[in-house]
Structures are given as structure tokens and as C-alpha cells.
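S.K.: My questions concern the predicted model and sequence given below.
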Protein chains: 2
Amino acid sequence: MIKTRITDLFNIKHPIIQAGMVWCSGWELASAVSNAGGLGIIGSGSMYPEILNIHLKKCKKATRNNFAVNIPLLYPNVSEHMDLVIKHKVPIVFTSAGNPSIWTQKLKNHGIIVVHVVSNLKFAFKSRDAGVDAIVAEGFEAGGHNGLDENTTFCLLPLLKKHIDIPLIAAGGIGSGETMLAAMSLGAEGVQIGSRFVLSNESSAHINFKQEILKAKDGDTILTLKELTPVRLIKNKFFKELEMAYLEKRSVLDLKQILGKGRAKKGMFEGDVDFGELEIGQISSYLDVIKSAKEIIEEIISDFYKTRDKLNEY
Amino acid sequence: MIKTRITDLFNIKHPIIQAGMVWCSGWELASAVSNAGGLGIIGSGSMYPEILNIHLKKCKKATRNNFAVNIPLLYPNVSEHMDLVIKHKVPIVFTSAGNPSIWTQKLKNHGIIVVHVVSNLKFAFKSRDAGVDAIVAEGFEAGGHNGLDENTTFCLLPLLKKHIDIPLIAAGGIGSGETMLAAMSLGAEGVQIGSRFVLSNESSAHINFKQEILKAKDGDTILTLKELTPVRLIKNKFFKELEMAYLEKRSVLDLKQILGKGRAKKGMFEGDVDFGELEIGQISSYLDVIKSAKEIIEEIISDFYKTRDKLNEY
């Protein structure tokens, strides 16, 4: 048992948090992770309030353990989503992509544990000052929407650890026991894992998307669309369109039009791997097998100990 | 004592390699690192052959321990540099920025240990096939010239470890005992450290440049000039000129003209921190003190053990 301030805070067995991800992490994945001793998160960023309501009901039925909801603060339905997590007495909320000072105290007044995702030191200070219980330090290598700063997990974590006392959760580049141990060497007390759990039986990612992740090599993902909302995705035909627009020095409005609406759903949920948006982390180049959430967690914990033993031999 | 295949290969006490860096790592730094139990490297990329010759003579006088020379393979004087390291019986050569198959066997025929620096899996395979003795896996966060791939240390190392059996040295983001332990969790058997050693008494970096590194915050470095030779540097006034050129969508030729000749020397060696080129890694945001090379190595080793003990408490 790896006991840290994060396992205490969330009342979980393993300091493994499954990232809330659009189109990939509904009640089925979140409850499977929580049942296996980690913290499952429902990614509400791709859900209308009525859909989130259904996922919350199902998740509560599927696990008696703690789970969380991720709410991107720039989401148009953020207020309804907040009402829902309060109504359903969700014990933990991860907020991201926005200002932590707006919602943190309101959620805490309802007894909810609040965690905010940051990609630089400035927002880590803002989160601390807003009173969050823990911080996710998300590195440049993470999939999906990300900061503009390009701070990598290797550089971001030690910097935050040096300046901030509240518990840190590492995100970006973590998909194995070795990477979990590395993150904890850098000062994290828990890890948030995305890409690895997209490749689980329980994730709602389309099988075509999962196959693309299995095939991905290093260099196949890129952090792009920095002019709109920066996002790390697989360089598919849709990205080639974007790339051409960049080469032609087209305007931000043109980029917006090329992106259009519903690209992420099209790619990740409906399986159009050519023209959909395929949000995934850089660690995808390392991943090569689909397993159950339980098997993933067991493997990570087992490899964590094996790697620690190896380090002790030095 | 941390004993790995890298300490065996180089016959050194600690698996700490000081990166060969233009304008910062001459004989004084290299010999200080080697005398302190690490492997010092003379960065020949900023030296004419007659200058390298002087540094080799002085380094051999200043230390009886092994040291190395870094030779960027795209350097115009590469052939004279190779002749010099052979003539001086330099025991170890690190090659970078080029094709490892051209020089590896020639050097090995003279009994020289050869290490090649890569930033992706494809070049790691090429290096292995060329017969190198070890590989430096250099992540996106590293300072100075770097690959286009943007693979971070966190993602690059486990990928190479998974596919390649020869010893790996991690580079990029390492500047402390914690980061060294993290790199070794990811599969490295040694670490190559640049920025931290620029902030040593013995580095030939201008004091103005050192002061800029001490002041640097996260987000203050960027990997830029990807159209020419990608380089990570501090966003100073010179970079603002580049940024303006990018905003104005100027041509590659214009970028070349803005860069001009001798920018790195101007910034890093002569101390013009506004209009010189200041090549440094992302970990500079973490660094806050200038010490001797010996003190730096002792601190890293001590913190390595402290952090390992802490991990063992989990």
C-alpha cells in the first residue's frame, strides 16, 4: 500500500487518478477505476447536463467508493454541472481550464474536495490562494487541452514542489509503474493517468480511436491550435488540413472554421480517425495493449514496486 | 556509490555527465567535473581546432580522470576535431546533431568509446546499428540545439528503454537529485546535466548570462527557430525580434538574417543578454544558486539518496 496525502485526502487505496477525458471517461470507466482502488473521474466536458445526470446516477450505483467529476471552467454549462455535483453529493471535483477562485469556495461550502489543474507556477499559486485541496500539475506531454506554457512534467513538478506545500498530482507522460515512480521522485503524491485508461476495456473511446493509439509512434502527436485552445492530438488527415492552413499563414478565423464543431466527438466517440479530432498524450507511443481498468492499475502498482526495488540496488 | 553500466563504461564514480555546451564548457569545467567523480565534457561546437587543441592540453593537465569531448556532426571543422581527439587519445567522444553511422566505427577503431545524442526512437535505432556504446536520450526540455520531435524526457526514456538494450543517459530537465532519481526510474543509467553546470563557478558562461538564468521563471525559455536549427533559449529582446518576424509571417531567409552570425557567443560568452542568444534548458526556472562543480555533484548525489529514502517510506 502506497500511502500519501493524496490517498488520505480521497480515501483511496492507490494514488492513481484516472483523468477526466471528453468522450472517453463516463460512468463505466470511472466506476471501474474506483472499484479497483484508484479514483475514477467522470469527464463532464463532453456532456450536456442531462447526460451528466445519467452518468452520476449510474456511477453511484456501480461503485460504493469515492469518485470525482472533472468540470472545465470554460464550459458553457458549468453552472448546471456544478448544481448537479452538489445535488448528487459528489465527494470530489476536479476543475480545469479556468480561474480557480470562482468556484472553489462554493464547492467547499458543500463539503466537496476541490482539485484544480494547472500548467504553470502562477496558476498553482492562484489555486493555493483559492483554497484548493490539491493541485494537478499537468505537463506539456499530456493529451487533450493543455496550457500554452510548454512546461514539461520533468520541469513543472519540482518547481511546484519547491514553492507550494499542498499535495501535488502529476499528469502528462504517466502510463506505467516506472513513470509513476518517476513522478513521485519529482514530488508528486499521486498521478493522474489519461491515455493509458483510454486504452481500457471500460473507456467509451471508439475502437477505431483505440487502434490509432496502439499504432501511434513517437512524434505522432503534437500540441497545436495554440491560437484557439491548445490541444495535443494525433497528426491525422484533419491535422494535415490544419498544418496546411498554418503553412499558408491563414487567419485564426480560418483555423476556427477548419476545426468546426463536434470534431472531438467525431473522432474519439464515433471513430472517424481521419477527419475527427483524436486527443491523446505523447506517452501513446509507449502503449501497446488494451486491458481492463483493474488490470491496468494492478500492473502499474506491481511495476512501481519492481522499479523501486531496482533503484534500491544502485 | 551508484554503480551502473554507465559508471563502468566511463570508469567514473558517479553516473553524472556534464553536458558539452557551446561557450560554457571548456577545460576548466570539464576537468572540475571529472575531478569530482563525474564525467566532464569539453563542448567543441564553439571552438576552432586550434582552440580545442589548447583545451585538450589543459584538460589533460588538470585531471587524471576520464573526460570526453562533444562533437556536433554538422560542425564545419568536424574532421579536424576528430583528428584532434584521436591525436590526444581522448577516451570518450559524444557525437550529436548528425548521422551516427559516419564517425562511430572510425572512432571505435582508435579505441574511443562513442556515445550519440538522440531525440527520437528512429535515431536511437540508427545509433545502436552504428555500434555506439551508449545513447543520450535528450528531451524537449533540454537547452540549446535540440530535435524537432518535441519528445519529452518523461516520454522518450521509457520508449527507448523498451526497445533498446544499450545503456541510456537521460538529458533534459535534470538539475537535482530528485530529477536524477526520476530519470533513473525511467530507465536511464546515467544523467547528462547542462543548465545546472552553466551555473557553476567553473563554467565559462558570462556572469550576465548566469544572472539571467538565476532570474528565469517557468515559461521564460522556448524551443524556437524550428525552420533553421531548433534551439531552446531565453525569451530576451533578440527573441522578441524573432517573435515579431514570426507574427509578420516573414520568410526563413529573413529569420536567418535576424539570427545572423555569432549570436550565441555574443550572449553566452560576451554577456549581451539583450541581443545575444541565451541557450538554456527549461529547468532553469528551478535553479537559484551558483556553486562549484564539486558542490553541485555532492548536492545531487546527497539529494538522490534522500529522495530514494523518502520513496521507500511509501
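M.R.: Nice, I can see it.

S.K.: in the stretch 201-314 of chain A, which spans are helices?
M.R.: Using DSSP state H, counting those that start in this stretch, the helices of the stretch 201-314 of chain A run over residues A:207-215, A:237-247, A:252-259, A:263-264, A:293-313.

S.K.: The last one versus helix B:293-313: what angle between them?
M.R.: By that I understand helix A:293-313. With axes from the mean of the first three to the mean of the last three CA atoms, to 10 degrees as the basis, helix A:293-313 and helix B:293-313 are set at 130 degrees to each other.

S.K.: Next, the buried residues of helix A:293-313.
M.R.: Under the neighbour-count criterion of 16 or more other CB atoms under 10 Å in any protein chain shown, helix A:293-313 has A:293-294, A:296-297, A:300-301, A:303-304, A:307-308, A:311 buried. Any C-beta I mention is one placed from the backbone N, CA and C, and that applies to glycine too.

S.K.: how about the helices of the stretch 201-314 of chain A, which one is nearest chain B?
M.R.: For chain B, the closest of the helices of the stretch 201-314 of chain A is helix A:293-313, at 5.7 Å, according to CB to the nearest CB.

S.K.: looking at it, A:Asp129 is touching A:Ser101, isn't it?
M.R.: Yes: counting by CB atoms under 8 Å, A:Asp129 does reach A:Ser101; the two are 7.3 Å apart.

S.K.: out of these two, which sits in the busier spot?
M.R.: Neighbour tally, A:Asp129 and A:Ser101, criterion other CB atoms under 10 Å in any protein chain shown: the higher count belongs to A:Ser101, 14 against 11.

S.K.: ok, and the closest non-adjacent residue to the more buried one?
M.R.: The shortest distance from A:Ser101 to any non-neighbouring residue, by CB to CB, 6 or more residues apart in numbering or on different chains, is to A:Ala130 (4.3 Å).

S.K.: With A:Pro15 instead?
M.R.: Per CB to CB, 6+ apart, closest to A:Pro15 is A:Gly190, 3.6 Å.

S.K.: How many neighbouring residues does that neighbour have?
M.R.: For A:Gly190, using other CB under 10 Å, the count is 29.

S.K.: For the closest residue to A:Asp218 other than its chain neighbours, give me the pLDDT.
M.R.: For A:Asp218, ignoring the flanking residues on the chain, the nearest one in space by CB to CB, 6+ apart is A:Ser285 at 4.1 Å. A:Ser285 is assigned 98 on the pLDDT scale.

S.K.: so A:Ser285 touches A:Lys217, yeah?
M.R.: Yes: the criterion here is CB under 8 Å, and A:Ser285 meets it with A:Lys217 at 5.4 Å.

S.K.: between the two, who's got more neighbours?
M.R.: Higher neighbour count among A:Ser285 and A:Lys217: A:Ser285, with 25 against 12, using other CB under 10 Å.

S.K.: For B:Phe154, see how far away the more buried one is.
M.R.: A:Ser285 sits 12 Å away from B:Phe154, going by CB to CB, to the nearest Å.

S.K.: cool, and A:Thr221?
M.R.: For A:Thr221, the distance to B:Phe154 equals 13 Å [CB to CB].

S.K.: Can you pick out the residue with more neighbours from these two?
M.R.: Ranked by neighbour count (other CB under 10 Å), A:Thr221 and B:Phe154 place B:Phe154 first, with 36 against 28.

S.K.: ok, now which ones touch that one?
M.R.: Residues in contact with B:Phe154, defined by CB atoms under 8 Å, 6 or more residues apart in numbering or on different chains, are A:139, A:141, A:152-154, A:172-174, A:179, A:182, A:283, B:139, B:186.

S.K.: how about A:Val114, what does it touch?
M.R.: Counting by CB under 8 Å, 6+ apart, A:Val114 touches A:92-93, A:95, A:100, A:103-104, A:107-108, A:131-133.

S.K.: repeat that with 7 Å
M.R.: Contact partners of A:Val114, counting by CB atoms under 7 Å, 6 or more residues apart in numbering or on different chains, are A:93, A:95, A:104, A:107-108, A:132-133.

S.K.: Burial check on A:Pro49, number of neighbours?
M.R.: By the measure other CB under 10 Å, the count of residues near A:Pro49 is 13.

S.K.: Grab the nearest non-local neighbour of it.
M.R.: Spatially, and ignoring its direct neighbours in sequence, A:Pro49 is nearest to A:Glu80 (4.0 Å; CB to CB, 6+ apart).

S.K.: residues from chain A in reach of chain B?
M.R.: Near chain B, the residues belonging to chain A are A:2-4, A:120-121, A:139-141, A:149, A:151-155, A:158-159, A:162, A:173, A:176, A:178-179, A:181-182, A:184-187, A:218-219, A:249, A:282-283, A:285-286, A:307-308, A:311, A:314 when assessed by CB under 7 Å from any CB of the partner chain.

S.K.: before we move on, back to that, touching, the residue nearest to A:Pro15 and A:Lys13? I think so.
M.R.: No: judged on CB atoms under 7 Å, A:Gly190 makes no contact with A:Lys13 at a distance of 11.8 Å.

S.K.: Make JSON lines from the helices of the stretch 201-314 of chain A and add mean pLDDT to it.
M.R.: Shown next, in JSON lines, are the helices of the stretch 201-314 of chain A (pLDDT from 0 to 100):
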{"stretch": "helix A:207-215", "mean pLDDT": "98"}
{"stretch": "helix A:237-247", "mean pLDDT": "96"}
{"stretch": "helix A:252-259", "mean pLDDT": "96"}
{"stretch": "helix A:263-264", "mean pLDDT": "97"}
{"stretch": "helix A:293-313", "mean pLDDT": "97"}
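
S.K.: tell me the average confidence for stretch A:266-277?
M.R.: Throughout stretch A:266-277, pLDDT has a mean value of 98.

S.K.: Only the C-alpha atoms, please, for it, written as PDB.
M.R.: Coordinates of the C-alpha atoms in stretch A:266-277 are reproduced here as PDB (Å, rounded to 0.1, in the frame of the first residue of the first chain):
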ATOM      1  CA  LYS A 266     -16.500  12.600 -34.500                       C
ATOM      2  CA  GLY A 267     -13.000  11.200 -33.900                       C
ATOM      3  CA  MET A 268     -12.900   9.900 -30.400                       C
ATOM      4  CA  PHE A 269     -16.500   8.700 -29.900                       C
ATOM      5  CA  GLU A 270     -17.800   8.000 -33.500                       C
ATOM      6  CA  GLY A 271     -14.500   6.600 -34.800                       C
ATOM      7  CA  ASP A 272     -13.700   8.800 -37.800                       C
ATOM      8  CA  VAL A 273     -10.000   8.600 -37.300                       C
ATOM      9  CA  ASP A 274      -9.200  10.600 -40.500                       C
ATOM     10  CA  PHE A 275     -11.300  13.700 -40.000                       C
ATOM     11  CA  GLY A 276     -12.100  13.600 -36.300                       C
ATOM     12  CA  GLU A 277     -10.000  15.200 -33.500                       C
END
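
S.K.: What residues sit buried inside it?
M.R.: Residues A:266-269, A:271-273, A:276-277 are the ones in stretch A:266-277 that count as buried (16+ other CB under 10 Å).

S.K.: ditto for stretch A:1-20
M.R.: Going by 16+ other CB under 10 Å, stretch A:1-20 has these buried residues: A:2, A:4, A:6-7, A:9-10, A:12-20.

S.K.: For it, measure first residue to last.
M.R.: Start-to-end span of stretch A:1-20 (CA to CA, to the nearest Å) is 24 Å.
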